[in-house]
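Below are the sequence and a predicted model; questions follow.
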Amino acid sequence: MDIRIGIVQSMRELDIELADDTDRDELVARVEAALGGDGVLWLVDRKGRQVGIPASRIAFVEVGAASGRTVGFGAA
C-alpha cells in the first residue's frame, strides 16, 4: 500500500510504500488520530524503517493501493 503525505511549506511530498498487508481502515484511523492531536504519526515502510511525521506539519494525506511500478529493464 502506498501513502503520500504533503508537508506544510514544502514543495515535495513524502511517498512511503507500506507493507502489502497493511489494513487501510486502521491506517486511516491512525492518521485521523494523529491529526486530531498534536503528536507524531509513525509509519513503518516496506523495508522496516520507521518514519515519523509531526502531525502539525501535515498538509494532506493520500492513501492508495500498492502500485505495480517497475524500474529499469523490467519496465514495459
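Everything's here; your move. Numbers count the residues shown, from 1 in each chain.

In terms of secondary structure, what does the helix or strand harbouring A59 contact?
Using DSSP states H and E, A59 sits within strand 58-64. If you count contacts as 3 or more Cβ pairs under 8 Å, 6 or more residues apart in numbering; DSSP states H and E, strand 58-64 packs onto strand 2-7, helix 24-36. For the C-beta atoms, the positions are set from N, CA and C on the backbone; glycine is no exception.

buried stuff in the last one?
Read it as helix 24-36. 27, 31, 34 (16 or more other Cβ atoms under 10 Å).

I'd like these written out as a markdown table, with distance to A65 and pLDDT added.
Converted to a markdown table, the buried residues of helix 24-36 look like this (distance: Cβ to Cβ, whole Å; pLDDT from 0 to 100):
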| residue | distance to A65 | pLDDT |
| --- | --- | --- |
| L27 | 12 | 92 |
| V31 | 16 | 91 |
| A34 | 22 | 90 |
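
got CSV for those, with distance to E62 too?
Output for those, formatted as CSV (distance: Cβ to Cβ, whole Å):
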residue, distance to E62
L27, 12
V31, 10
A34, 15
